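1. Test case, fold it:
(one chain, ligands or ions: 1)
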Amino acid sequence: MLDEGADWLHVDIMDGHFVPNLTIGPPVVADLAKRVGPRDAFFDCHLSVSNPATLVPALAAAGASSVTFHIEVVSGTAAEELCKTIRSLGMRAAVACKPSTPCDEDGGVYELVDAGLVDMVLCLSVEPGFGGQKFNPAVCDKVSALRARYPDLDIQMDGGVNPSTAELCARAGANVLVAGSAVFGAANPAQVISQLRQSILNAS
Ligand SMILES: O=C(CO)[C@H](O)[C@H](O)COP(=O)(O)O
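-> Here you go, the predicted model:
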């Protein structure tokens, strides 16, 4: 997909516990990084796992560029420490929330952003676990509130993102879009990636 114009490679790491699906881990990231070689791809690792801290050192060694953990499993002081650890290993730190998880809870997403500890917030627009689900437009309200509060923050949306829903995401304030099915299932992935990018540019 890098050849088709993608900026980042989004890697969904799932443990069969936080979500019902089981996917890949650090060895696959390491292998991918080796194959991509000198191109120096940005590996955006989304941890849909119950215990993200245990994976962080191995992901750093594997060549991950950014690590996103879920606020539903690590919050408050533990989340602050996790962000610091991720950054101390040379990666960007990001926090994700499920569609129904608010950002303004004690020890939650807003507090991490206010403390300057995260580089990006991922707002899932489906329940995490599987690709190919339907985009939940209600999540756009949460994204709009985040964007109003943090004009310079990277805000990512993931789940059911395609050229039609991308416009809603971009208008709400997302500037990083993750697309699985829409890109991998397309006859012309480069065209889809270009349409997604255009949605962001049109809204900015
Ligand atoms: O893993 C996911 C949720 O956990 C995502 O939905 C996936 O990254 C994107 O897939 P799609 O674009 O098909 O919704």
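
2. got the residues of this protein near the ligand?
-> Within the chain, the residues that sit near the ligand (CB under 6 Å from any ligand atom) are 10, 12, 48, 126, 128-129, 131-133, 158-161, 178-182. From N, CA and C alone the C-beta is placed, and that goes for glycine too.

3. Break down this structure into its strands, ranges please.
-> Taking DSSP state E, the strands of the chain run over residues 8-14, 42-48, 66-70, 92-97, 120-124, 154-158, 176-178.

4. about what we covered before: of the residues of the chain next to the ligand, which belong to helices?
-> Within the residues of the chain next to the ligand, residues falling in helices by DSSP state H are S181, A182.

5. Out of the residues of the chain next to the ligand, which end up buried?
-> 10, 12, 48, 126, 128-129, 131, 133, 158-161, 178-180, 182 (16 or more other CB atoms under 10 Å).

6. quick revisit: mind putting the strands of the chain in JSON lines, distance to E111 and mean pLDDT included?
-> Putting the strands of the chain into JSON lines (distance: least, CB to CB, whole Å; pLDDT from 0 to 100) gives the following:
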{"stretch": "strand 8-14", "distance to E111": "25", "mean pLDDT": "98"}
{"stretch": "strand 42-48", "distance to E111": "20", "mean pLDDT": "98"}
{"stretch": "strand 66-70", "distance to E111": "15", "mean pLDDT": "98"}
{"stretch": "strand 92-97", "distance to E111": "10", "mean pLDDT": "98"}
{"stretch": "strand 120-124", "distance to E111": "12", "mean pLDDT": "98"}
{"stretch": "strand 154-158", "distance to E111": "16", "mean pLDDT": "98"}
{"stretch": "strand 176-178", "distance to E111": "21", "mean pLDDT": "98"}
